[in-house]
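Enquirer: give me a model of this one.
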Amino acid sequence: MTTDPIADFLTRIRNAQMAGHRIVEIPASNLKKRITEILYNQGYILKYKFEDDSKQGVIKIALKYDPTSKEPAIKTMERVSRPGLRQYAKPADFRRVKNGLGIAILSTSKGVMTDKEAKMQNVGGEVLCHVY
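Expert: This is a model prediction of the structure:
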C-alpha cells in the first residue's frame, strides 16, 4: 500500500513513458478514474479502459506519442499538493501552467476538475498536480 496514491499514479505514467510502453496498468480508485478522464478529455492520453476483474479493479491507459518524433504527449507531470504539505488555491490565485499550455488538476467541493473549469465555476480547492 502506498501512502500517496496520486503520486503513485503519476509516477507509473512517467515511468511507462520513459520506458516507451504503449499501455500502463494502474490500480483503480474513483479519484484516479476521474484524473484519467480529465487527461483523456484534454488530449494527453490516447485511450483508457476500466476493468473490474480483481477486487480493486484496474485502469488500463494507452499512452499517446507523437507519430514522427516518438515524444510522449505528456512532457511533465508534477505533484503539487502532497500529504505533508497540502496546497490550496482560490480561483483568483490559480497560476497558469506553462504559460497557459498546461493544466492544473484540482480537487474541489464540486469534484475533481481542471483549473479552467474551477475558475468558470468560481470554486477553489486542493491543487493535485500540474500536467504539460
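Enquirer: who is the nearest residue to Q42 once chain neighbours are set aside paired with across the strands?
Expert: Leaving aside its sequence neighbours, Q42 sits nearest to I103 (C-beta to C-beta, 6 or more residues apart in numbering; 5.7 Å). To be clear about C-beta, it is placed using only N, CA and C from the backbone, and glycine gets the same treatment. In this entry, I103 is beta-bridged to V131, by DSSP bridges.
Enquirer: and stretch 44-57, how far apart are its ends?
Expert: With C-alpha to C-alpha, to the nearest Å applied, stretch 44-57 spans 22 Å between its terminal residues.
Enquirer: same thing with stretch 74-88?
Expert: End-to-end for stretch 74-88, by C-alpha to C-alpha: 24 Å.
Enquirer: over to stretch 92-112?
Expert: 18 Å.
Enquirer: residues contacting it, please?
Expert: If you take C-beta atoms under 8 Å, 6 or more residues apart in numbering as the criterion, stretch 92-112 is touched by 31, 34-35, 38, 42, 76, 80, 89, 113-116, 118-119, 121, 123-132.
Enquirer: just the buried positions in the helix ranked longest in the chain, please.
Expert: Within the chain, and with DSSP state H defining each element, the longest helix by residue count is helix 5-19. Applying a neighbour-count criterion of 16 or more other C-beta atoms under 10 Å, one finds 6-10, 12-14, 16-17 buried in helix 5-19.
Enquirer: can you check stretch 65-81 too?
Expert: For stretch 65-81, by 16+ other C-beta under 10 Å, it's 72-74, 77, 79-81.
Enquirer: what sits up against it?
Expert: 4, 6-7, 10, 13-14, 17, 20, 39, 43-45, 63-64, 87-88, 102, 104, 126-132.
Enquirer: residue ranges of the helices in the protein, please?
Expert: With helices called from DSSP H, the chain shows them at 5-19, 30-41, 115-121.
Enquirer: quick one: contacts of the shortest one?
Expert: By C-beta under 8 Å, 6+ apart, the residues outside helix 115-121 that reach it are 91, 94, 97, 103-106, 108, 110, 113, 124-125, 127.
Enquirer: what sits closest to the residue most central in space within the chain if chain neighbours are left out?
Expert: The C-alpha lying nearest the average C-alpha coordinate of the chain belongs to I35 (C-alpha atoms, centre = their mean; 4.6 Å). Leaving aside its chain neighbours, I35 sits nearest to I105 (6.0 Å; criterion: C-beta to C-beta, 6+ apart).
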